[in-house]
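> Have a look; sequence and predicted model below, questions after that.
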Amino acid sequence: MARYLTGFLVFLLLTGTVSAQDTGPAIGTIKVVSGDASVQRGDSVTPASEGLDVQHRDILLTGPNGALGVTLGDGTLISLGPNSRFELAEFEFAPQRNSFSFFGKILEGTMVYQSGRIGHIAPEKTRIETPLSVIAVRGTRFAVRVPAGAGN
């Protein structure tokens, strides 16, 4: 019986979904932090730390000497350089329902994006917005720089 339960738990882990709507608020995890970095959630700002979960609508912030690396539930990688602001506006990864979406907003600073499973399975459901344009992601990796004040 224990072998059956262990196998079932492994199956659930492998086929589970990550969605702000379905399985709770965590959509990813901070993997790397350097220098001044934080997460703004609503009106509160928390210092970023490795292992901290990120949620739908969180804004990732870095200071003048900061850098931050996040892995989302589908394997998407987001790396931010100094003086960056990035909003995790929308994320859903539910393969069993064929429901996928990723929408992020780079408001300021530098970012490197590497697509995860959503970018490979449903690239049309992946978008990055800057104050000047919207990037419809069709490749697997790109970098973008948004100058301070570009959205003002």
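Noted; the coordinates are in hand. Numbers count the residues shown, from 1 in each chain.
> Helix or strand with the lowest mean pLDDT in this protein?
Lowest mean confidence among the helices and strands of the chain (mean pLDDT, DSSP states H and E): strand 18-19, at a mean of 35.
> which residue is nearest the middle of the protein?
Taking Cα atoms, centre = their mean, the centroid of the chain lies closest to residue 72, which sits 4.7 Å from it.
> Would you mind listing the residues in contact with it?
Going by Cβ atoms under 8 Å, 6 or more residues apart in numbering, residue 72 touches 18, 27, 28, 54, 78, 88, 91, 93, 102, 116. Every C-beta, even on glycine, is put in place using the N, C-alpha and C of the backbone.
> Mind checking which of these land in strands?
Mapping these onto strands (DSSP state E) picks out 18, 27, 28, 54, 78, 88, 91, 93, 102.
> Just checking: the least confident one among the residues you listed is which?
Checking pLDDT across the ones in strands among the contacts of residue 72, the minimum falls on residue 18 at 37.
> so how many other residues sit close to the residue nearest to residue 36 when sequence neighbours are not counted?
Among residues not flanking residue 36 along the chain, residue 63 sits closest, at 3.0 Å (Cβ to Cβ, 6 or more residues apart in numbering). Neighbour count of residue 63, defined by other Cβ atoms under 10 Å: 13.
> Contacts only, for residue 63.
Contact analysis of residue 63 by Cβ under 8 Å, 6+ apart lists 35, 36, 37, 82, 83.
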